[in-house]
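Novice: for reference, the sequence and a predicted model appear below.
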Amino acid sequence: MSTSSRPEGPKKRANVRVPSSSGDGSKRRLLLIVGAAGIVVVAAGLGYALLGGGSSSAANDAPKLLEASGCTVQSVKALPSNDHSVTTPEGTSKKWNTSPPTNGPHFSQQAIWGAYTEPLLPAQFVHNLEHGGVYIQYGKDVPQATIDELTAFYDKHQNGTLLAPLPSLGSKIALGAWTTKSPSKPNDGTAYLAKCTKFDEKAYAAFFSAYQFHGPERFPMSSLLPGS
């Protein structure tokens, strides 16, 4: 899919709630927190794209750090890329091989990048992962203090990141990513799902370092801006 087919989203604004795009026009509140650090993140993204992304050591360290922190880490062979067979934003697929989904069939429009106060639609956020994004989703029983920690972590990793509640997770937090070793082989990939009972900045940062921006239909980090 070309970049021209990506949905138009609102531009970055400070402390503004805006609706995300969805097929039925329903409004979902999106919280965008923008600071001077965003400029640094964009500049870093350009260097990241030129250097080809994270290291193999990061991929080896991430599962160990997550498991040491009490998380379970699932890796599955990813389903084929560029499958837009889910025809509505609210649709689902029987082919999804993780819960919440991390790869496979999805809707043709992704979710707008950002931090949400309402649940996302799976058929949309899978599309975000296809582009190299990572999601952080938290259950209805996750304490507010932990949500605040997740929000602070999101603020440091805004590009290519979705943060949202997912009530069915209960007391757990889910991190999801869809990766390939090479963008020239989009159907030879692995998807990762970590489920955690607490926030651990070092372990979460390792997940991001290992798996973010390695999607089968990847975009440069600098283009995956909050609000787009």
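Specialist: Received, thanks. On a predicted model such as this, the values are computed, not experimentally measured, just so you know. Numbering: from 1, shown residues only.

Novice: okay, which residue is most central for the protein?
Specialist: residue 134 (2.3 Å; C-alpha atoms, centre = their mean).

Novice: which ones are touching it?
Specialist: Applying C-beta atoms under 8 Å, 6 or more residues apart in numbering, one finds that residue 134 lies in contact with 157, 160-162, 175-177, 207-208, 211-212. Where C-beta positions appear, they are placed from N, C-alpha and C, glycine not excepted.

Novice: kindly recompute the last result at 7 Å.
Specialist: Going by C-beta atoms under 7 Å, 6 or more residues apart in numbering, residue 134 touches 160-161, 175-177, 208, 211-212.

Novice: out of the residues you listed, which are inside helices?
Specialist: 208, 211 (DSSP state H).

Novice: only the buried subset of the contacts of residue 134, as a PyMOL command please.
Specialist: Only the buried entries of the contacts of residue 134 go into this PyMOL selection, using 16 or more other C-beta atoms under 10 Å:
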select buried, resi 160+161+175+176+177+208+211+212
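
Novice: nearest to residue 125 among the contacts of residue 134?
Specialist: Using C-beta to C-beta, residue 176 is the member of the contacts of residue 134 that sits closest to residue 125, with 8.0 Å.

Novice: excluding sequence neighbours, find me the nearest residue to the closest one.
Specialist: residue 102 (4.2 Å; C-beta to C-beta, 6 or more residues apart in numbering).

Novice: likewise residue 124?
Specialist: residue 111 is the one closest to residue 124 (C-beta to C-beta, 6+ apart), at 4.2 Å.

Novice: so what's the residue count around that neighbour?
Specialist: Residue 111: 28 surrounding residues under other C-beta atoms under 10 Å.

Novice: and after the one helix or strand residue 62 maps to, which helix or strand comes next?
Specialist: Element membership of residue 62 [criterion: DSSP states H and E] is helix 56-68. Beyond helix 56-68 on the C-terminal side, the first helix or strand identified by DSSP H and E is strand 72-77.

Novice: which neighbouring elements make contact with that following strand?
Specialist: helix 56-68, strand 189-196 (3 or more C-beta pairs under 7 Å, 6 or more residues apart in numbering; DSSP states H and E).

Novice: single out the most deeply packed of those.
Specialist: strand 189-196 (a mean of 24; mean count of other C-beta atoms under 10 Å).

Novice: now the helices for the protein?
Specialist: Going by DSSP H, the chain shows helices at 37-51, 56-68, 122-130, 144-156, 201-211.
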